[in-house]
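Trainee: Could you look at this predicted model? Sequence included:
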Amino acid sequence: MVNFKLDDMQEGLKELAHEFAIDEIRPHAEHWDENSEYPKDAISKAHDLGILNLHIPEQYGGMGLGCMEEVLVNEELAWGDPGFATAAYATALACAPIITGATEEQKQIWLRRVAEEGHLASYAVTEPGAGSDVAACKTTAILDGDDYVINGEKMWITGAGYSDFFFVLAKTDPEAGYRGMSGFIVEKDTDGFSLGKKETNMGQRCSDTRSIVFDNVRVSKDHLIGGSESGGWMNAMKAFDVSRPNIAAHATGLARASYEHALQYSNERMTFGKPLHQHQAIQFMLADMKTKIEASRMLTWKSANESDEGIRNTESAAHAKRFAADTAMEVSTDAVQIFGGYGYSEEYPVARLMRAAKVMQIYEGSSQVQRMIIGREITKDF
């Protein structure tokens, strides 16, 4: 029988993350967003508290917990502020292809730097002309003696301005398409590596997003993930099966926060002699919001559980990410509607949440790409 009850450890971890969101995230969220300020100190506190990068195995200094534990934490962090959640999760995404594809020596070096020293990392795959179409990547890494020489540009890299190292996808065989892609670790101070300007985004403004440029960047062979060429594309894509449940959890947390603000306001705001929530039109909106949040969470938990059970979760991760992201956009928009004119004001949190929601339908594979994945998965046996 399916059991939706969390164990004591999971409940405790969820509560710890919730308290952190109350104490360390929500009091600063408006300031971070208004000033486009990266929440580095708060990320460091979350790391010290032990609620980040939970999936790093114990043999590399991590907690060795599962995807289920991570989604529980990430829902709470995004409930606190989705921009913080995105900024804090960037390192976990960069670590995923190291966990699944790196050599033992590489894991000992790079995962320990994150788990024990609090290093930050970024996942550098997207390019100006290769977003959803990763195979269109133009960045190259050509072997020259004992080094690879990397040239190209990446775009929309989360956390780039503060990361200590980057997981970079590049073509080692430009004629082989996605089969000719390999993964590399590139450190921030490497000669020829440079950062673009911080993007001015619609929402989640505290999450530092930049382009990065490789101009004859030389990295030694031991920075090639797995120690051999090719396989980089598949390894990079495997990371999404772990990350998409967590992005779905972010979206669920954002939607939950929006709903809770709207529910509270609907009890405080009087119209035509009674609270807003006593009007059927508003009550139905609130009911639909709550239903979709519950459904988002269940899809997220199912996908996370499959990941932990070793079941290929590509389809369930796409379901969760697509539905939860669309729900976050819908619920936050409806929250603004319930607030009315006040909802359109930046003095109220629902405006910030609505702006933050939009990118969830775009990054980590847009809602349209998730539908493509689902379509491919359900028809692959025909």
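Mentor: Ah, there it is. Numbers count the residues shown, from 1 in each chain.
Trainee: tell me which element Leu299 falls in.
Mentor: Using DSSP states H and E, Leu299 falls within helix 280-308.
Trainee: list the buried ones in that helix?
Mentor: For helix 280-308, the neighbour count (16 or more other C-beta atoms under 10 Å) marks 282, 285-286, 289, 292-293, 296-297, 299-308 as buried. For glycine as for every other residue, the C-beta is placed from the backbone atoms N, C-alpha and C.
Trainee: which strands and helices sit next to the helix or strand that comes right after that helix?
Mentor: Beyond helix 280-308 on the C-terminal side, the first helix or strand identified by DSSP H and E is helix 314-339. Packing partners of helix 314-339 (3 or more C-beta pairs under 8 Å, 6 or more residues apart in numbering; DSSP states H and E): helix 232-268, helix 280-308, helix 349-358, helix 367-379.
Trainee: Now distance to Cys137 too, for those, in a markdown table please.
Mentor: Listed next are the helices and strands packed on helix 314-339 as a markdown table, based on distance: least, C-beta to C-beta, whole Å:
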| stretch | distance to Cys137 |
| --- | --- |
| helix 232-268 | 8 |
| helix 280-308 | 26 |
| helix 349-358 | 25 |
| helix 367-379 | 16 |
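Trainee: Quick check: which of those helices is nearest to His223?
Mentor: Taking C-beta to C-beta, helix 232-268 is the member of the helices and strands packed on helix 314-339 nearest to His223, at 12.4 Å.
Trainee: strand partners of the next helix-or-strand element following the closest one, parallel vs antiparallel please.
Mentor: Downstream of helix 232-268, the first helix or strand assigned by DSSP H and E is strand 270-271. Neighbouring strands of strand 270-271 in its sheet, by DSSP bridges, are strand 274-275 (antiparallel).
Trainee: Enumerate residues external to the strand it pairs with that contact any of its residues.
Mentor: Residues outside strand 274-275 that contact it (C-beta atoms under 8 Å, 6 or more residues apart in numbering): Ser266, Asn267, Glu268, Arg269.
Trainee: Could you do stretch 190-198 as well?
Mentor: Counting by C-beta under 8 Å, 6+ apart, 36, 150, 160-161, 186-187, 208-219 sit against stretch 190-198.
Trainee: and what of stretch 215-229?
Mentor: 97-98, 101-103, 105-106, 141, 143-144, 146-151, 167, 172-173, 180, 182-186, 190-194, 232, 235.
Trainee: Now which of the residues you listed would you call buried?
Mentor: Using 16+ other C-beta under 10 Å, the buried members of those are 97-98, 101-102, 106, 141, 148-151, 167, 172, 180, 182-186, 190, 193, 232, 235.
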